[in-house]
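# mind looking at a prediction? Sequence and model below.
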Amino acid sequence: MSASPAPEADGQEKVIAAAQHIVKSLANSKNAADDMIRILSGFDHRLSSLYPDSSTNPDMIASSTSSSPSDTFKAILEQLEAAEKVVMRWDSSDSLLFESSGDVISLYFSSVDDLIAISSSSLSVEGGVDIRVRAENVLQLAMSRLEEELHPLLIRNTVPLDATGLSCSLRRLSLSFPSSEADFDTSSEFDTADTATATSSLAPTTPHHPLLEDPSLNLIRPEAVSDLRDLADRMIRAGYAKELVQVYCSIRKDVLDECLSILGVERLSIDEVQHMEWRLLDEKMKKWIQGVKIVIRGLLSRERHLCDSIFASSEEIEEECFVEITKGCVLQLLNFGDAVAIIPRSAEKLFRILDMYEVVKNEVLPELRIMYPGELGGSIYAEADCILKRLGDAVKGILFDFGIQVQRENTRRPQAGEIHPLTRYVMNYMRLLVVYGETLEGLLSDDEGFTLDNINTDDDAESLGSMTRYGRRLYALISYLEANLEEKSNHYEDGGLRCIFLMNNILYIYNKTKDSELGRILGDHWLRRRRGKIRQFSKTYLRVSWTKALSCLRDDSLSGGSSGSSSGSSGHSSKTALKEKFKNFNLAFDELYRVQTTWKVPDPQMREEIKISISEQVIPAYRAFVGRYGAQIDGGRHSNRFIKYTPEDLESHVSDLFEGLSGVANPRRRA
């Protein structure tokens with residue numbers, strides 16, 4: 001025995017049968033039949049299968065069991081009058097609908113649904129009443145009300161933005177997406193202070209960001225999103241999408257403009273950027289980099305998420321709104337980047353421009369590709385891509401100009417033979433360049449004007465052969481520096497000071513390179529060559545500076561050997577010649593002491609090494625000479641005029657050399 005049908009199923013069959021009867025009775029007018037089915041399917045979801053495109057509205061359940069068309073029109077008219085009553089009551093009210101209870105808002109939306117269903121039909125006049133026209137008129141009043149309420153609803157529920165909240169979000173951004181920003185001290189063209197080495201770490205972007213869950217970046221209070229979505233859905237279905245988009249976009253654009261203002265990103269013309277003092281522009285560029293990260297990684301993603309939620313019923317309007325809201329903000333950011341790309345070039349601007357280039361390349365373009373996939377946003381992505389190319393051209397141009405600047409720099413050499421400001425500047429510059437190695441390797445090509453035509457590269461051929469294009473650029477810049485230093489050294493009249501100058505500067509280059517990424521790029525062979533040059537300069541200094549003094553300690557012009565007494569002049573050292581040797585040595589040493597205490601070797605290890613080398617050559621020779629001939633002088637009249645120093649005195653005086661002292665007279669006399 002089969003089971004009896006459930007009461008609910010039986011009821012559904014009766015309703016559907018009644019609807020089919022109505023359709024059959026309206027067969028003489030196909031349009032009327034279609035309209036009636038659409039309306040009835042809106043009254044009860046169980047009839048939606050008869051008209052699948054109809055919207056479901058469970059609140060409009062009409063008496064559809066009657067087979068009389070006049071009864072159906074009457075039921076529809078009653079629904080229209082009920083909806084009209086709700087709309088007219090709020091049309092004359094000064095209260096805000098969306099400040100009422102949820103039930104009141106639901107009733108209003110339900111009434112609007114009824115009006116949309118009726119006005120979308122083509123029902124003709126029945127009993128002197130044009131139901132469709134009447135529904136359209138009431139619906140227009142309802143749409144005007146919703147449009148008026150949209151503005152205060154958005155304003156009231158927009159989350160206030162503040163600099164503190166955005167700064168906190170930026171810190172979270174930095175943790176989630178590390179960035180590279182290398183600061184270069186540009187207090188002077190050639191800065192004598194070392195700069196800290198910056199590090200770089202770039203993380204790939206993804207369509208989803210952790211910041212979507214960051215409450216400090218909520219653009220609209222979450223509890224209002226549902227009302228906004230319901231409102232937008234009704235206005236779109238009623239044919240008022242244009243009015244909806246106009247109000248919504250104008251408010252949201254103002255919010256993003258305010259955000260840029262809070263972040264310190266101003267709307268500047270190209271002319272203003274072109275004529276801005278560098279330190280002020282540098283601050284603007286740093287704020288721009290931070291602003292881009294907040295806007296692109298955070299706010300635009302949230303704005304897209306918001307559009308997805310509110311305009312869920314229409315992908316076309318969702319895309320239109322998002323592009324309309326955000327394009328002004330994005331173009332303002334891009335326009336600043338465009339202005340920076342054409343500012344007058346100078347070396348100190350390179351690293352900030354590189355930061356901007358990396359932000360556009362690694363963050364802006366990937367995000368824009370995701371957020372603007374359609375045709376509407378294609379022009380924004382294309383503009384960003386063009387600005388990236390212009391920033392890249394600026395980087396290449398600055399590097400080229402920097403190479404020329406290094407070659408042609410002609411400031412005077414330091415008087416004390418110490419490290420030239422150019423050397424400090426260039427090497428700190430190079431240490432920061434390696435932070436951007438990956439970016440520069442992809443950006444530079446083989447025809448950027450870096451030539452080594454006037455540089456002897458024979459000794460470095462092995463290193464050059466294994467270097468990347470970027471590595472060869474670094475090699476060229478250091479080679480320009482070394483050639484410039486060589487030229488500067490030729491202006492020293494003292495050959496010893498020339499060697500000290502070159503030794504100091506090549507040592508500085510070597511030390512800045514050996515334990516850094518720069519050393520890895522240039523290679524071990526390059527490092528060994530520079531270390532060899534340093535040793536050679538040290539040896540040449542000893543030969544040039546101390547040969548004259550040491551020659552006074554040779555006994556080639558003396559006929560005798562050790563001290564002893566003899567009545568004749570033959571077989572004995574000539575005391576006159578001996579005194580002349582001691583006198584000449586004293587004069588030579590006094591002059592070396594007077595001059596070379598003012599010279600400077602900044603590196604403490606190198607300074608001690610060269611002092612030890614001097615002592616190892618001079619002190620033993622002097623001690624031996626005094627030991628052999630001192631007795632012939634000692635004890636005579638004015639003997640201290642000739643044997644002026646003990647070996648210990650000399651060793652003490654050598655320790656004073658290369659300290660960069662000023663106003664030092666002759667060394668101390670022996671007590």
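Thanks, I have it.

# show me the shaky parts of this structure.
1-69, 122-129, 161-218, 446-459, 461-462, 557-573, 634-639, 663-671 (pLDDT under 70).

# at 50 what do you get?
Scanning the chain for pLDDT under 50 picks out 1-33, 35, 37-39, 41-67, 128, 174-181, 186-189, 191-213, 561-573, 670-671.

# how is it divided into domains?
12-142, 163-180+195-391, 409-541, 552-654 (automatic domain parsing).

# next, format the ones you listed as CSV and append mean neighbour count and distance to Phe400.
Quick note: C-beta positions are derived from backbone N, CA and C, even for glycine. Shown next, in CSV, are the domains of the chain (neighbours: other CB atoms under 10 Å; distance: least, CB to CB, whole Å):
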stretch, mean neighbour count, distance to Phe400
domain 12-142, 17, 61
domain 163-180+195-391, 18, 9
domain 409-541, 18, 5
domain 552-654, 16, 31
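
# which stretch among those domains comes nearest Pro152?
Closest of those to Pro152 is domain 12-142, at 6.4 Å (criterion: CB to CB).

# which stretches of the stretch 251-400 of the chain form helices?
270-274, 278-292, 300-310, 315-341, 350-359, 365-371, 378-408 (DSSP state H, counting those that start in this stretch).

# just send these back as a markdown table, with distance to Leu139 too.
What follows is the helices of the stretch 251-400 of the chain, written out as a markdown table (distance: least, CB to CB, whole Å):
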| stretch | distance to Leu139 |
| --- | --- |
| helix 270-274 | 49 |
| helix 278-292 | 44 |
| helix 300-310 | 21 |
| helix 315-341 | 19 |
| helix 350-359 | 49 |
| helix 365-371 | 35 |
| helix 378-408 | 36 |
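
# let me know which of those helices is the nearest to Ala135.
That would be, of the helices of the stretch 251-400 of the chain and by CB to CB, helix 315-341, which comes in at 23.4 Å.

# Asn157: which of the domains of the chain is closest?
domain 163-180+195-391 (3.7 Å).

# return the residues in contact with Leu256.
Val295, Leu299, Glu303, Ile325, Thr326, Gly328, Cys329 (CB atoms under 8 Å, 6 or more residues apart in numbering).

# now Ile614, nearest residue through space, not along the chain?
Val654 (5.3 Å; CB to CB, 6 or more residues apart in numbering).

# and that neighbour, how close does it get to Gln617?
10 Å (CB to CB, to the nearest Å).

# kindly report the same for Pro421.
Taking CB to CB, one finds Pro421 at 33 Å from Gln617.

# again, but for Arg472
Distance of Arg472 to Gln617, computed by CB to CB: 41 Å.

# cool, Ile251 as well?
85 Å.

# again with Arg528
26 Å.

# next up, phi/psi of Leu661, please.
phi -80, psi 150 (degrees, to the nearest 10).

# what sits against the residue nearest to it when sequence neighbours are not counted?
Nearest residue to Leu661, sequence neighbours excluded (CB to CB, 6+ apart): Thr597, at 4.7 Å. Contacts here follow CB under 8 Å, 6+ apart; on that basis Thr597 touches Asp656, Leu657, Phe658, Glu659, Leu661, Val664.

# and for Ala416?
Counted by CB under 8 Å, 6+ apart, Ala416 has contacts Thr598, Trp599, Lys600, Gly660.

# could you look up the SS state of it?
coil (DSSP: H, G, I helix; E, B strand; the rest coil).

# Pro602 too?
Here Pro602 is recorded as coil under three-state DSSP.

# ok, now which ones touch it?
Glu418, Ile419, Asn504, Tyr508.

# phi and psi next, for it.
Backbone torsions for Pro602, taken as degrees, to the nearest 10, come to phi -70, psi -30.
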